[in-house]
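K.L.:
my questions are about this predicted structure, shown below with the sequence.
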Amino acid sequence: MMNVLSTLITPEKGGKQPVYLQIANQLMALIKNGTLQSGYRLLSTRQLASILKVHRRTVVQAYDELLAQGWLESQTGNGTFVARNLPDLRPLPLLVETATDRDPLKKAGFQFQKPPHLDRAVLKAGSRLHLDDGFPDPRLAPLEDLSRAYRSQLLHGNPYARLGYGETGGTTWLRQELSAHLNETRGLKTSPANILIVRGMIMGMYLAVTSLVKPGDCVVTDSPGWFGASMNFVQAGANICHVPVDEHGMDIDALEDICLKQPVRMVYVTSHHQYPTTVALRPDRRIKLLKLAEKFGFVIFEDDYDYDFHYLSKPLLPLFGADQAGMVLYCGSFTKTISPAFRIGYLVGPEDVIAHLSSLRRIIDRQGDTMLENAIAELLQTGVIQRHLRKSVRVYKQRRDLFCELLKHELPDHISFEIPDGGMAVWARFDPDIDIARLAERAAQRDLYFANGKVAGYPAQFRNYIRLGFASSDPGELEESVKIMKNLL
């Protein structure tokens, strides 16, 4: 056994892990796989130290570690043994069909399902140039102000209260400031009790769908629409009905036809800048949608992902502000205001629903980032975010105008589009003969990213449509990006 241990236990001196822990872990592995059986008498610390060519104190530390964990037991005057209360761990012979080694860190030993709706690529920043889905430019974000506010939250005040557990629904300060901000800018009449702070719009949607939609319920969404919303509905076991979108937004007459045929539990709508087309829901359709919700009793989930960025006139007010029957849940975030890295969003609704969703949120996320939430509250209170929004709207409007001019003059035979009234992206139709996936692949080789059209899951008639974001690129980057596309085409 002495010769065997000299080959099975091979500590690496000078490694990142202390030698005694290496010895302890390797002994533990020998016990787990049955090489060292329950009740086996180990070598003395002096003998093992001599074999491994380490100091005896190192082996003593290793034995002490395993004694403390219960893998070994010591008998005074008799030596150290593998614990006798361990189950029989005899090595099992490998079956023929499982003879190949399997890495448990890469492949689980148990079965689990991988639903196809979760098989979706995760977008990550990487390319130097990007015509993305419509993201903000973090270079414009008030990062110094946010850094100072965050530091202030870390250092000042009662540390037990400041750094301990907080409210599940979000900090009181942020909900107060956000309520005032939404009431002033969007015509709402909320109180802090109407607001649940979440980690972005997608979390708000997940909570609402998980809580309010049951398997088999009918959920209506627009087509083309946002694949992320559909993923939530499929995950909840809902039956999804699609209604078309035209130049005035969701076809509410088509929605009414569905309501007359079957019960509808929820309608998902991006009423301000419809995703992906960017068109706004016309006022008469807004009124009819609210009336249908009251008549047929369905929930309206209003996703207002980039309300503040409207260039033609004043933004249209949210459906939530005109809701007299308590049928609307309104969701937005600071993702487009500051940057996707700052996960602060908000779900607005009737007090009883918000209290219920706060309870649900607790089982997946005890609370949000108290420091960040209060830092954002400070920026709202001092007007930093409001000034940042005014500046960003001016900059993004200039970039929209430049980008649309570039597309019009440089790619007139390849791309058609309508200039969006708001938002951060252009809904572009490529010539049917262009393979967008191949074009995106070639562009990536030149350090330019744009969507390949496959991930979005648009219906067949929108096969050659993609969103081209302009907000996150400065004028020089927009010109370079369009030039690369022109050369490739």
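P.N.:
Okay, I see it. Here the structure is a predicted model, which is why all the values come from computation and not from measurement.

K.L.:
following the helix or strand where Asp284 lies, which helix or strand shows up next?
P.N.:
Assigned by DSSP states H and E, Asp284 belongs to helix 283-296. Elements were assigned by DSSP H and E; along the chain past helix 283-296, the next helix or strand is strand 299-303.

K.L.:
average pLDDT across that next one?
P.N.:
Across strand 299-303, pLDDT averages out at 95.

K.L.:
which strands and helices sit next to that strand?
P.N.:
Packed against strand 299-303, as judged by 3 or more CB pairs under 8 Å, 6 or more residues apart in numbering; DSSP states H and E, are the following elements: helix 201-212, strand 266-269, helix 283-296, helix 319-322, strand 328-333. All C-beta spots, glycine's among them, are computed from the backbone N, C-alpha and C.

K.L.:
neighbouring strands of it in the sheet, and parallel or not?
P.N.:
strand 266-269 (parallel), strand 328-333 (parallel) (DSSP bridges).

K.L.:
touching, Ile177 and Ala377? I think so.
P.N.:
That one is not Ile; residue 177 is Glu. Yes: under the criterion of CB atoms under 8 Å, Glu177 lies in contact with Ala377, with a separation of 4.5 Å.

K.L.:
returning to that earlier point: can I get the helices and strands packed on strand 299-303 in TSV with distance to Ile195, mean neighbour count and mean pLDDT?
P.N.:
As requested, these are arranged in TSV below (distance: least, CB to CB, whole Å; neighbours: other CB atoms under 10 Å; pLDDT from 0 to 100):
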stretch	distance to Ile195	mean neighbour count	mean pLDDT
helix 201-212	11	21	92
strand 266-269	20	26	96
helix 283-296	21	17	95
helix 319-322	11	20	91
strand 328-333	10	26	93
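
K.L.:
mind checking which of the ones you listed is nearest Val220?
P.N.:
When the helices and strands packed on strand 299-303 are ranked by distance to Val220, counting by CB to CB, first place goes to strand 266-269 at 4.6 Å.

K.L.:
domain parsing of this protein, as residue ranges.
P.N.:
By the record's domain assignment, the chain is partitioned as 2-82, 129-135+387-488, 141-382 (automatic domain parsing).

K.L.:
ranking these by mean pLDDT, which is last?
P.N.:
domain 2-82 (a mean of 86).

K.L.:
so Glu177 and Ala377 - more neighbours on which side?
P.N.:
Using other CB atoms under 10 Å, the more surrounded residue of Glu177 and Ala377 is Ala377, with 25 against 22.

K.L.:
and the more buried one, what does it touch?
P.N.:
Ala377 makes contact with 171, 173-174, 176-178, according to CB atoms under 8 Å, 6 or more residues apart in numbering.

K.L.:
dump the helices and strands packed on strand 299-303 to TSV, plus distance to Lys483.
P.N.:
Listed next are the helices and strands packed on strand 299-303 as TSV, based on distance: least, CB to CB, whole Å:
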stretch	distance to Lys483
helix 201-212	34
strand 266-269	37
helix 283-296	40
helix 319-322	41
strand 328-333	33
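
K.L.:
what's the closest of the ones you listed to Ala460?
P.N.:
Minimum separation from Ala460 across the helices and strands packed on strand 299-303 (CB to CB) falls at strand 266-269, 21.2 Å.

K.L.:
pull that closest one out as CSV, backbone CA atoms only.
P.N.:
As requested, C-alpha coordinates have been extracted for strand 266-269 and formatted as CSV (Å, rounded to 0.1, in the frame of the first residue of the first chain):
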residue,chain,number,x,y,z
MET,A,266,-53.3,38.2,-21.2
VAL,A,267,-52.4,40.5,-24.0
TYR,A,268,-48.8,41.5,-24.4
VAL,A,269,-48.3,44.8,-26.2
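
K.L.:
so Thr168 sits in a strand?
P.N.:
No: Thr168 is assigned coil when assessed by DSSP: H, G, I helix; E, B strand; the rest coil, not a strand.

K.L.:
isn't it right next to Ser358, touching?
P.N.:
Yes: under the criterion of CB under 8 Å, Thr168 lies in contact with Ser358, with a separation of 4.9 Å.

K.L.:
which residues touch the helix holding Asp284?
P.N.:
Residues from elsewhere that reach helix 283-296 (CB under 8 Å, 6+ apart): 248-250, 252, 255-256, 259, 263-264, 267, 269, 271, 281, 298-300, 316, 319, 322-325, 327-328.

K.L.:
can you give me the neighbour number for Val213?
P.N.:
Taking other CB under 10 Å as the neighbour definition, Val213 ends up with a count of 21.

K.L.:
who's in contact with the nearest residue in space to it that is not next to it in sequence?
P.N.:
Counting by CB to CB, 6 or more residues apart in numbering, the nearest residue to Val213 once its immediate chain neighbours are dropped is Ala236, at 4.6 Å. Taking CB under 8 Å, 6+ apart as the criterion, Ala236 is in contact with 209-210, 213-215, 217, 219.

K.L.:
same question, Arg463
P.N.:
For Arg463, the contacting residues are Gly453, by CB under 8 Å, 6+ apart.

K.L.:
how close does it sit to Ile436?
P.N.:
8 Å (CB to CB, to the nearest Å).

K.L.:
remind me what the one helix or strand Ile197 maps to packs against, helices and strands.
P.N.:
Applying DSSP H and E as the criterion places Ile197 in strand 195-198. For strand 195-198, the packing partners by 3+ CB pairs under 8 Å, 6+ apart come out as helix 172-186, helix 201-212, strand 345-348, helix 351-361.

K.L.:
just send these back as CSV, with distance to Lys114 too.
P.N.:
Written out in CSV, the entries for the helices and strands packed on strand 195-198 read as follows (distance: least, CB to CB, whole Å):
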stretch, distance to Lys114
helix 172-186, 37
helix 201-212, 19
strand 345-348, 28
helix 351-361, 25
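
K.L.:
identify whichever of those lies nearest to Arg400.
P.N.:
Distances from Arg400 to each of the helices and strands packed on strand 195-198 were compared by CB to CB, and the smallest falls on helix 172-186, at 21.0 Å.

K.L.:
quick one: buried residues of that closest one?
P.N.:
Residues of helix 172-186 classed as buried: 173-179, 181-182, 186 (neighbour count, 16 or more other CB atoms under 10 Å).

K.L.:
before we move on, the earlier item: list the neighbouring strands of the strand holding Ile197 plus their orientation.
P.N.:
Partners of strand 195-198 in its sheet, by DSSP bridges: strand 345-348 (antiparallel).

K.L.:
what's the spacing between Ser147 and Glu378?
P.N.:
Plainly put, Ser147 is 12 Å away from Glu378 if you go by CB to CB.

K.L.:
quick one, which of those two is more surrounded?
P.N.:
Neighbour comparison, Ser147 and Glu378: the larger count goes to Glu378, with 21 against 11 (by other CB under 10 Å).

K.L.:
Asn78: neighbour count?
P.N.:
Per other CB under 10 Å, the neighbour tally for Asn78 reads 8.

K.L.:
and the buried ones among the contacts of helix 283-296, selectable in PyMOL?
P.N.:
Buried members of the contacts of helix 283-296 can be picked out in PyMOL with the line below, counting by 16+ other CB under 10 Å:
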select buried, resi 249+250+252+255+256+259+264+267+269+271+281+298+299+300+316+319+323+327+328
